[in-house]
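> just coords:
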C-alpha cells in the first residue's frame, strides 16, 4: 500500500510541475526591437477588423505585462533555466530579405481550428490576399500567461527572420483591447495530422513530405536553431503538396549541445531531452522527432501507441525507441531506425538524411503527370 501511495504522489507531483496542452495551431507576431514592422491599432466591428498603421517603421508592438496564450501541444517543465528572455535571441541568423506585406484591413472568415488558447480563421486582406489569422486572447495575466509570452517572443524573434520554402511565412500582427491577431500564409489543407486522419498516406507521399521537412530542418540546423517540437500536428500542408514547418514556440538557438530544458511533446521527445538535466542536447533531438513523425505518417498513429503519454515518457527516458513494424518498406524502416538511434551522436544530420534512398527517389509533379497523360492520349 505504501508503494502505491508513493507512486501516486510522484505522479501527481510530476503532473503539477508539467504542462501537457491539447493539439492545436500555433503561430507568430513580430518581436519587439526588430525593425521594419508597422505599429498598428485595431478597431473591431463585428467580423470586420480595421488596422491603423501608426508608424511605418515602428520597432515595437507593446503588450505591457499582458500575457499572450499559446496553443502549442507541448509537454515541458516550467520555471527552468530556459525560460528567461535572455534565451530568445537567435544566433547566426541574418534578417529575411523578403519585404513583408502590410495588412491594413482584413475580414475574418471561417474557423479553421481551435486550440487551448486561441483560434485560427481563414481571412482576406484588403488587397484580396487570403491569409490565416490566429486570434489569441490578451486577457490572461497569470503566471501561465507570463511564461507563454516568453515562448511567443522567442517564436517571433526566430520566425520573422526565416525565409525558406518549407517554413510557414509570417505576415504581421495587429491587436485590439482584448485580442492579438497573428497573420500567416494560408496553408489550405491543415496539418499532416489532419491529413493522415482523412487519407491513408502512401509510401511515396510520405517520402515527398519527409524530404521537404528535412529541407526545412536543414535550414534551421544550418543556423543553429533546434525546433524541439517536430510532429505531424506542427507541419502544415498546401493543396499543391508543399509542406511547411510551423509552431516555433519552443524553438531555441544553440551553438553546442547546451540545451537543458525538458520541452517538446511527450511521444516525440528524444531520450536526451527527457534526461536533459544530465548532459543537455542539441540539433540531433529534432532528428529523433523526425523519425517519430515519419512513423506517425506511415502508421496514422502517434509513436508508442497505445501507451499514455506518461508511460511513453518513462520508456523514452530509459532509452527505448518506439516499435517500428517490419511491414514498412525497407527504405522507410531504415530511415526511421537511423533517426531513432538512442545516442544522439549516432544519428545522421538533416543534410546527410537528404541523401537517404527513402527521400532521394524521383517524385512526379502534377504538371509532369498531366503532360504524360496528354502524351499517352495523343
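Done, it's in. Just so we're clear, the structure is a prediction, and the values are computed from it rather than from any experiment. Numbers count the residues shown, from 1 in each chain.
> Helices of the protein, residue ranges please.
Secondary structure of the chain (DSSP state H): helices at 2-17, 143-159, 192-198, 203-222, 271-274, 276-279, 284-299, 309-317, 330-339, 350-353, 357-360, 366-377.
> Least reliable of those helices by average pLDDT, please.
Among the helices of the chain, helix 366-377 carries the lowest mean pLDDT, at a mean of 42.
> My read is that residue 354 contacts residue 335, right?
No. Judged on CB atoms under 8 Å, residue 354 makes no contact with residue 335 at a distance of 11.1 Å. Bear in mind the C-beta positions are built from the backbone N, C-alpha and C, glycine included.
> Among those two, which residue is more densely surrounded?
Between residue 354 and residue 335, counting by other CB atoms under 10 Å, residue 335 is the more crowded of the two (26 against 16).
> Tell me how far that one lies from residue 161.
Look at residue 335 and residue 161: by CB to CB, to the nearest Å, they are 30 Å apart.
> now swap in residue 298 and tell me
Residue 298 is 33 Å from residue 161, by CB to CB.
> and these two? which has more neighbours close in?
When neighbours are counted by other CB under 10 Å, residue 298 and residue 161 differ, and residue 298 comes out ahead with 24 against 17.
> Identify the residues contacting that one.
The contact partners of residue 298, by CB atoms under 8 Å, 6 or more residues apart in numbering, come to 201, 203, 206, 328, 332.
> which among the residues you listed end up buried?
If you count burial by 16 or more other CB atoms under 10 Å, the buried members of those come out as 201, 206, 328, 332.
> Sort out which residues of the longest strand seen in the chain are buried, please.
If you go by DSSP state E, the chain has its longest strand at strand 105-114. Using 16+ other CB under 10 Å as the test for burial, strand 105-114 gives 106, 108, 112-113.
> Please name the nearest non-neighbouring residue to residue 356.
Nearest non-adjacent residue to residue 356, counting by CB to CB, 6 or more residues apart in numbering: residue 335, 5.3 Å away.
> residues in contact with the one you found?
Counting by CB under 8 Å, 6+ apart, residue 335 touches 210, 291, 294, 353, 356, 358-359.
> re earlier: so which of the contacts of residue 298 is the closest to residue 302?
Residue 302 lies nearest to residue 201 out of the contacts of residue 298, by CB to CB, at 14.6 Å.
> Kindly spell out which helices and strands sit in contact with the longest strand of the chain.
In terms of contacts (3 or more CB pairs under 8 Å, 6 or more residues apart in numbering; DSSP states H and E), strand 105-114 is packed against strand 48-55, strand 118-125, strand 130-137.
> least reliable of those going by mean pLDDT?
Lowest mean pLDDT of the helices and strands packed on strand 105-114: strand 48-55, a mean of 36.
> Give the bridge partners for residue 245, please.
On the basis of DSSP bridges, residue 245 is bridged to residue 167, residue 235.
> ok, back up a step: could you dump the buried residues of strand 105-114 to CSV with distance to residue 221?
As requested, the buried residues of strand 105-114 are exported to CSV (distance: CB to CB, whole Å):
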residue, distance to residue 221
106, 34
108, 36
112, 30
113, 28
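> Would you convert those residues into TSV that also reports pLDDT and distance to residue 154?
Output for the buried residues of strand 105-114, formatted as TSV (pLDDT from 0 to 100; distance: CB to CB, whole Å):
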residue	pLDDT	distance to residue 154
106	86	26
108	93	27
112	87	24
113	81	22
